[in-house]
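> give me a model of this one.
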Amino acid sequence: MKTVSNNPLYKYLGCCFLFIALGCNKEVLIENRDSYKKIYIPQAVKGVASVSFENLEALPDTVSYGAAIGGFDLPAADVPVKFEVLQATVAEYNQINGTSYTLLPEQSYKAELETVIPKGKVNSALASVIISPAALEVEKEYLLPMTLVPANATTVNDKLQTYFIKVQVQPKKIEYVNLDRAGWEVIGFSDEEPEAGYQGAAYVLDNNPYTWWNTKYKTGAVPFPHYITIDMKAPKELYGVYFQNRDFGGWDGYRATSVTIYVSNDNVNWIEQETFTEIPLPEGERLTAQAPLIFSKKVTARYVKFEALSNNGGESIICISEIGGIGIK
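From the prediction side, this is the model:
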């Protein structure tokens, strides 16, 4: 009769358990333990921070950052840390990413540049930078690199050494308004077809959608372009012009689809301000809907010449009930 102790399988398993038991009592040895002891910026793990201001008068914004230390052991003493803001870091970022950021001006921020990782801890207290938009340029893209610099021989994790903060001031939202046309006068036009007292050029300034400027048609339409000249009686800061089509009762004929605007301050020397093409039917109630023509840049002028180049149908005829200037609040 065989005993359990004489079974070869049991002898093998017993040896395995003994080996494991002895192995559990051995300390695991890791070479170069200090090579894992590196300091870094935890916030840099999330990538680049962004600060956006609505305008130059916006309140300052605050961004926080700090330092941490990796490795297998807690620091046996305080680890002082410093941060620097370097132009070279911005240049390097631009080169790597194909960007053109400008270093945030020094007068635009106030930063805490020192902190400490306390003894026995892995994280420092948070430092902060307060960023103000007052001295910045609207729409220009700025970069603020907060680069960690150890104050002793501690190794730095170079991949998480800099916390980049992008800063930009958004363009101010423009609220357009129609200029007051009191006293304005039509002083010139290419042609008109005054009929029953409601189709003359002067009616583009009367605030009445049932009167309009109708170009000549009874004796044959005059070829494009058709123009009308308005004296605003004083120089105005213009951001554009608007016009209202002769459009009521479901009728949609002879509305301007291409227009050139000229401006002058003496009614002699004219500047071509801008040409607008493929002008759609404006949205809204068709009787009073206005087609705004916003300039790519504002201009100051006393005289405006509205020149129609095409319409949405056949024949060279234009019907416009109102023309006015656009300013801002």
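> mind listing what's buried in stretch 49-60?
Within stretch 49-60, the residues that count as buried by 16 or more other CB atoms under 10 Å are 49, 51, 53. Yep, even glycine has a C-beta here, placed from its N, CA and C like the rest.
> poorly predicted segments of the stretch 1-150 of the chain, please.
For the stretch 1-150 of the chain, the stretches with pLDDT under 70 are 1-36.
> all strands for it, in order.
Secondary structure of the stretch 1-150 of the chain by DSSP state E, counting those that start in this stretch: the strands cover 38-40, 49-53, 61-65, 68-69, 79-84, 102-103, 109-111, 114-117, 127-131, 142-150.
> show me what the top strand by length along the chain is packed up against.
If you go by DSSP state E, the chain has its longest strand at strand 290-311. Judged by 3 or more CB pairs under 8 Å, 6 or more residues apart in numbering; DSSP states H and E, the packing partners of strand 290-311 are strand 176-178, strand 226-245, strand 256-264, strand 270-276, strand 319-328.
> helices or strands up against the third one?
Under the contact definition 3+ CB pairs under 8 Å, 6+ apart, strand 256-264 sits against strand 226-245, strand 270-276, strand 290-311.
> the longest one to strand 270-276, inter-axis angle?
For the pair strand 290-311 and strand 270-276, the angle between their directions (axes from the mean of the first three to the mean of the last three CA atoms, to 10 degrees) equals 100 degrees.
> what are the buried residues along strand 290-311?
Going by neighbour count (16+ other CB under 10 Å), the buried part of strand 290-311 is 290-293, 295, 299, 301-311.
> just the C-alpha atoms of stretch 262-282, please, in PDB.
Extracted in PDB, the C-alpha atoms of stretch 262-282 (Å, rounded to 0.1, in the frame of the first residue of the first chain):
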ATOM      1  CA  TYR A 262     -19.200 105.100 -53.600                       C
ATOM      2  CA  VAL A 263     -18.500 107.700 -51.000                       C
ATOM      3  CA  SER A 264     -17.300 111.300 -51.100                       C
ATOM      4  CA  ASN A 265     -16.800 114.300 -48.900                       C
ATOM      5  CA  ASP A 266     -17.200 117.000 -51.600                       C
ATOM      6  CA  ASN A 267     -19.500 115.400 -54.200                       C
ATOM      7  CA  VAL A 268     -16.700 115.700 -56.700                       C
ATOM      8  CA  ASN A 269     -14.000 113.200 -55.700                       C
ATOM      9  CA  TRP A 270     -15.500 109.800 -55.300                       C
ATOM     10  CA  ILE A 271     -14.000 106.600 -53.800                       C
ATOM     11  CA  GLU A 272     -15.400 103.200 -54.700                       C
ATOM     12  CA  GLN A 273     -16.100 101.800 -51.200                       C
ATOM     13  CA  GLU A 274     -17.200  98.200 -52.000                       C
ATOM     14  CA  THR A 275     -19.200  96.100 -54.500                       C
ATOM     15  CA  PHE A 276     -21.700  93.500 -53.300                       C
ATOM     16  CA  THR A 277     -22.900  90.700 -55.600                       C
ATOM     17  CA  GLU A 278     -25.600  88.000 -55.400                       C
ATOM     18  CA  ILE A 279     -27.600  90.000 -52.900                       C
ATOM     19  CA  PRO A 280     -30.400  87.700 -51.800                       C
ATOM     20  CA  LEU A 281     -34.000  88.600 -51.000                       C
ATOM     21  CA  PRO A 282     -33.800  89.800 -47.300                       C
END
